[in-house]
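J.: Need a 3D model of the sequence below.
(one chain, ligands or ions: 1)
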Amino acid sequence: MPNIDYIWKELEESYRKILTVPSFNAWIDQATPISLVNNQLTIEVPSSLHKEYWEKNLSTKIVETGFKLTGEEITPVFVIQNNEPIMEDKPKEETTILPEQAMKNGKKAYLNPKYTFDTFVIGKGNQMAHAAALVVAEDPGATYNPLFFYGGVGLGKTHLMHAIGHQMLMNNPEAKVKYVSSESFANDFINSIKNGTSEQFRQDYRNVDLLLVDDIQFFAEKEGTQEEFFHTFNTLYNEGRQIVLTSDRLPNEIPKLQERLVSRFAWGLSVDITPPDLETRIAILRKKADAERLEIPEDTLSYIAGQIDSNIRELEGALVRVQAFATMNSEDITTSLAADSLKSLRPISPKNQLSILAIQEKVCEYYHIDLKDLKGKRRVKSIVLPRQIAMYLSRELTDNSLPKIGAEFGGKDHTTVIHSHEKIQQLLETDISLQKEVKDIKDLLTN
Ligand SMILES: Nc1ncnc2c1ncn2[C@@H]1O[C@H](COP(=O)(O)OP(=O)(O)OP(=O)(O)O)[C@@H](O)[C@H]1O
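T.: A predicted model of the protein is given here:
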């Protein structure tokens, strides 16, 4: 009987022949064979979404190949990884270059040619979002409609959205893809009313195969735009066209978003993108450095990745800064040069350095209460207010998502965090002593 490594290698080879490079990277590369016992092949995958996809689309191949190699019936069993980070230690797949036609169509659809699946590094915080994006790109309108990405600033939501557009155009160059920010949608709508071109507006938005709308939190409070978007959504959805949306938070957390939109957005799949872990940040920098043909030692990449822990846009900015600094001084890029060039960045990004725990501890110290109580459920006023302040500050001073903040407060729901944030925000408008207290705590935290 051939061993598990041999069988897996053969399987990889056969998948390579039938899958696109992004699909191979998303499904096969992210899976790990664990054991082969009594003809049962156990395979570890990162999420339930991966498990479903494997079971539905990829497992027949295992039975087929297994039989060819062993003469026996091999049964695949999928288990979900125990939150292990994914390390990029496998050789890189060759890059797919966008065919010229797909590139042209992508430009027409306002897609950034750099935001493809190939340039996207898969890591712990985004592997589910990446997999969902791929499913939608390969089979638009069929599985997750709408697909909704949410998460903090600069974590790759727009990138994945564009990648879906590019992939769809690669598969079908005739596909009509439209990408807009929610503000552009609102502006187009308002202009169409002003110029009497409502019919054209509708044609533009309702005759597409894929509509990508970025940052829909900016729909908040725009009644007319929401109304129009509601009809656009319905038309596209009813015709089986794919809709992909992004926001910095879940639909039900967007203030003044109409209930009927919130409920429609929940018809599909909402996926959170969380900040990348250190390995992923290093992998992103390495990919970027390779693309720019920069010579950077590994330890320098690790150093830079260690400086910026939540926003990938800032991470890329740091690399550009180091590169510019090296060019200006005609020096090679080393860790000490990176440290010099990033020195001045550090004080202006306290947002990245504060942890929720640091905020909680400072608030406890300030109000003389126990951390246990702050994170607990007691509803006495002397604890409730500091708890709300700590949640407020966690939202204001860190990039953590609402669910993450809730979790750090003894497993509270994200809606509790929203409520607390709103409550303190409201009080701060009029309550002078609270203004002073919050300012004192902020000063203590940032000095
Ligand atoms: N996993 C990743 N691999 C490679 N590059 C990434 C990844 N995630 C993000 N980036 C890069 O980081 C930058 C910011 O990403 P993007 O604009 O997609 O973030 P966003 O989540 O849409 O942010 P915002 O909330 O500001 O709209 C882009 O240049 C993008 O290419």
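J.: start to end distance for stretch 403-419?
T.: 13 Å (C-alpha to C-alpha, to the nearest Å).
J.: Got the confidence number for residue 350?
T.: pLDDT, residue 350: 47.
J.: residues contacting residue 151?
T.: If you count contacts by C-beta atoms under 8 Å, 6 or more residues apart in numbering, residue 151 has them with 125, 157, 248, 272, 273, 274, 401. All C-beta atoms are positioned from the backbone trio N, CA, C, and that covers glycine.
J.: Show me which pair in those is furthest apart.
T.: 125 and 248 (14.8 Å; C-beta to C-beta).
J.: Between these two, point out the one with more neighbours.
T.: residue 125 (22 against 18; other C-beta atoms under 10 Å).
J.: From residue 337, how far off is the more buried one?
T.: 29 Å (C-beta to C-beta, to the nearest Å).
J.: From the contacts of residue 151, which shows the smallest pLDDT?
T.: residue 401 (79).
J.: That residue touches residue 153, doesn't it?
T.: No - using C-beta atoms under 8 Å, residue 401 makes no contact with residue 153, being 10.9 Å away.
J.: and the residue nearest to residue 142 when sequence neighbours are not counted, what does it touch?
T.: Spatial nearest neighbour of residue 142, chain neighbours left out: residue 240 (7.5 Å); criterion: C-beta to C-beta, 6 or more residues apart in numbering. By C-beta under 8 Å, 6+ apart, the contact list for residue 240 reads 141, 142, 145.
J.: Mind putting those residues into CSV with neighbour count?
T.: Below are these laid out as CSV (neighbours: other C-beta atoms under 10 Å):
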residue, neighbour count
141, 16
142, 11
145, 18
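J.: just curious, which of those is nearest to the ligand?
T.: residue 145 (20.3 Å; C-beta to the nearest ligand atom).
J.: Tell me who's in contact with the closest one.
T.: If a contact means C-beta under 8 Å, 6+ apart, then residue 145 has 136, 237, 240, 242, 243, 267, 268 as its contacts.
J.: you'd agree the fifth one is up against residue 147?
T.: Yes - if you go by C-beta under 8 Å, residue 243 and residue 147 touch, sitting 7.5 Å apart.
J.: On the pLDDT front, check the closest residue to the ligand within the stretch 101-250 of the chain for me.
T.: Nearest residue of the stretch 101-250 of the chain to the ligand (C-beta to the nearest ligand atom) works out as residue 156 at 2.6 Å. With respect to pLDDT, residue 156 has a value of 95.
J.: Starting from residue 136, give me the distance back to it.
T.: Counting by C-beta to C-beta, the gap from residue 156 to residue 136 is 15 Å.
J.: my read: residue 253 touches residue 402, true?
T.: Yes - counting by C-beta under 8 Å, residue 253 does reach residue 402; the two are 6.3 Å apart.
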